[in-house]
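Colleague: coords below, sequence missing:
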């Protein structure tokens, strides 16, 4: 792994993690094109870079959510009724629990099925197929009537559904942000809120994966300088990608990402079959 490759892969991770085009697919396809090998630890470092990008954009939301969670726990020390009333009436408290509830199915799916899925669905053929599916989800969600639901009236059933959709991103080529944003739009969420909820919902999943793999960082055969370059590239391009999608979600169509996924998916399938 050289410096330029690390920077390119960091940029690919930062862009594809937040734009709905599947980072898992691109972190398989791009290294293949570059002729370099990556490791799970290196991929985790890049994912932690995108985590920093999320915090840099949504730090105010995250602080409010943490405050809401702490206050909600304090409510529970008073009575169950006060706790439930706070969740119903205070957006920050409700948002915190909507995230917690959605994270549960994601975590269960990741723990139970990730290894099996990575074994069964190995290879670029499956990546191409699932990229096409991601494109279909994006295309169909754009043709669904826009909603106005935010954290004030989002239900916990909807949160669970989005958590399940995020869990499906263990399938190579299924975009995490694409699946959750599309599911949010289908559920009637406000477009900006669907994107914001999707981004913040990714924090526990990325952080959990990072903590599991961080113990193996001493075994990676890459210089610290190269790791830092990849990490910083992931942070910078992740930040820019979040800002771009938040702008696009307000007035632009997601069709451009659907078409992109279809094109890359078809090319990947053809290349796999022919070569």
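Modeller: Alright, I've got the coordinates. These numbers come from a predicted model, not from an experiment. Numbers count the residues shown, from 1 in each chain.

Colleague: quick one: buried residues of stretch 36-51?
Modeller: 36, 38-39, 41-51 (16 or more other CB atoms under 10 Å). Glycine gets a C-beta too; all of them are placed from N, C-alpha and C.

Colleague: again but with stretch 20-34, I slipped
Modeller: Neighbour-count burial for stretch 20-34 [16+ other CB under 10 Å]: 20-31, 34.

Colleague: count of neighbours near the closest residue to residue 240 other than its chain neighbours?
Modeller: Nearest residue to residue 240 in three dimensions, chain neighbours excluded: residue 14, at 7.4 Å (CB to CB, 6 or more residues apart in numbering). Other residues near residue 14 come to 27 when the count uses other CB atoms under 10 Å.

Colleague: For residue 14, pull up the helix or strand it's in.
Modeller: helix 3-18 (DSSP states H and E).

Colleague: So for that helix, mean pLDDT?
Modeller: Mean pLDDT, helix 3-18: 95.

Colleague: between the helix or strand following that helix and helix 3-18, how many degrees?
Modeller: Using DSSP H and E, the helix or strand that follows helix 3-18 in sequence is helix 23-34. When axes from the mean of the first three to the mean of the last three CA atoms, to 10 degrees is applied, the directions of helix 23-34 and helix 3-18 differ by 150 degrees.

Colleague: following helix 23-34, which helix or strand shows up next?
Modeller: Next along from helix 23-34, by DSSP H and E: helix 40-78.

Colleague: how far off helix 23-34 does that next one point, in degrees?
Modeller: Between helix 40-78 and helix 23-34, the angle comes out at 170 degrees (the same axes, to 10 degrees).

Colleague: now helix 40-78: mean pLDDT?
Modeller: pLDDT averaged over helix 40-78 gives 92.

Colleague: by contact count, what packs against the following helix or strand past it?
Modeller: Note on helix 40-78: by DSSP H and E, the next helix or strand toward the C-terminus is helix 80-89. Secondary-structure packing of helix 80-89 (3 or more CB pairs under 8 Å, 6 or more residues apart in numbering; DSSP states H and E): helix 40-78, helix 91-120.

Colleague: could you dump those helices to TSV with distance to residue 179?
Modeller: Conversion of the helices and strands packed on helix 80-89 to TSV gives the following (distance: least, CB to CB, whole Å):
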stretch	distance to residue 179
helix 40-78	16
helix 91-120	11
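
Colleague: circling back: from the buried residues of stretch 36-51, which single one is nearest residue 130?
Modeller: Closest approach between the buried residues of stretch 36-51 and residue 130, by CB to CB: residue 43, at 17.5 Å.

Colleague: Next one, pLDDT for the spatially closest residue to that closest one that is not a sequence neighbour please.
Modeller: Using CB to CB, 6+ apart and skipping the chain neighbours, the partner closest in space to residue 43 is residue 27 (5.7 Å). If you check residue 27, the pLDDT there is 89.

Colleague: was I right about residue 27 contacting residue 9?
Modeller: Yes - judged on CB atoms under 8 Å, residue 27 makes contact with residue 9 at a distance of 7.0 Å.

Colleague: Find residues that contact each of the two.
Modeller: Here residue 27 and residue 9 have 38, 46 as joint contacts, going by CB atoms under 8 Å, 6 or more residues apart in numbering.

Colleague: want to throw the buried residues of stretch 20-34 into TSV with distance to residue 96?
Modeller: Shown next, in TSV, are the buried residues of stretch 20-34 (distance: CB to CB, whole Å):
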residue	distance to residue 96
20	25
21	29
22	28
23	26
24	28
25	32
26	32
27	31
28	34
29	37
30	36
31	37
34	41
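
Colleague: now, which of those residues sits nearest residue 177?
Modeller: residue 20 (4.9 Å).

Colleague: Find the nearest non-adjacent residue to the closest one, please.
Modeller: Closest to residue 20 by CB to CB, 6+ apart is residue 178, at 3.0 Å.

Colleague: Touching, that neighbour and residue 23? I think so.
Modeller: No - counting by CB under 8 Å, residue 178 stays clear of residue 23, with 10.4 Å between them.
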